[in-house]
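Colleague: got a predicted model here, sequence first, then my questions.
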Amino acid sequence: MYRDNTLIPSEAIRLLALGLLAERPRSYADLAQGVREFLQLVVGPSLDLMAPPLELLKIEGLVEGGGAGLALTERGRLELLRLLSANLRAPTSDVSKLILALKVRFLPLLPAAEQRLQAEMIAEVFQRALARLLELKERSPAEALPFGGWLGMELEKAERQLAWAQDLQRRLA
């Protein structure tokens, strides 16, 4: 993890693999395919997100089983919960977007109280991102047409993201 308790890329991939196994046991091939597909659909091809060998999960005692049925160990379940509880950065890079997607994808695997905390964290991240964009708008010249159009688009996106996160908080309350 980074110093601010956010996930590094390899931990995001670990979270994805452990989350998929928490849902159901999978063969090694099915797990590798699930990891590869999710990564490609969320962030596209990325050299930053080259998956480390999934065999490391077995070596570290996080999963057990053979080719036809890998499953989480208790240690793997604890690691999954630790990764899901990590801090979150604004989704401005491929990695931070992936981590947000993973947190939301596997949110139901957390206890209810932790789900509410994660939803609050997500809303706070979007609130800070919106505040930064509003300050940028305030400090920018109004006649900057191309920039103003882009900024308007980003503000709309940030407002929708915050509204979604606040709705998530309400549903989990």
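Modeller: That came through fine.
Colleague: and Leu16, what helix or strand is that in?
Modeller: helix 9-23 (DSSP states H and E).
Colleague: how about whichever helix or strand comes after that helix: buried residues?
Modeller: As assigned by DSSP H and E, the chain's next helix or strand after helix 9-23 is helix 28-43. Using 16 or more other C-beta atoms under 10 Å as the test for burial, helix 28-43 gives Tyr28, Asp30, Leu31, Gly34, Val35, Phe38, Leu39, Val42, Val43. For every residue, glycine as well, the C-beta is placed using N, CA and C.
Colleague: stretch 3-19 now?
Modeller: Thr6, Leu7, Pro9, Glu11, Ala12, Ile13, Arg14, Leu15, Leu16, Ala17, Leu18, Gly19.
Colleague: and the third one, how far is that from Met1?
Modeller: According to C-beta to C-beta, to the nearest Å, Pro9 stands 11 Å off from Met1.
Colleague: export the worst-scoring helix or strand of the chain on mean pLDDT as PDB, just CAs?
Modeller: Ranking every helix and strand in the chain by mean pLDDT, DSSP states H and E puts helix 55-59 at the bottom, with a mean of 86. Coordinates of each C-alpha in helix 55-59 appear next as PDB, following Å, rounded to 0.1, in the frame of the first residue of the first chain:
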ATOM      1  CA  GLU A  55       0.100 -18.800  -8.200                       C
ATOM      2  CA  LEU A  56       1.400 -16.300  -5.700                       C
ATOM      3  CA  LEU A  57      -1.900 -16.400  -4.000                       C
ATOM      4  CA  LYS A  58      -1.400 -20.100  -3.300                       C
ATOM      5  CA  ILE A  59       2.200 -19.600  -2.200                       C
END
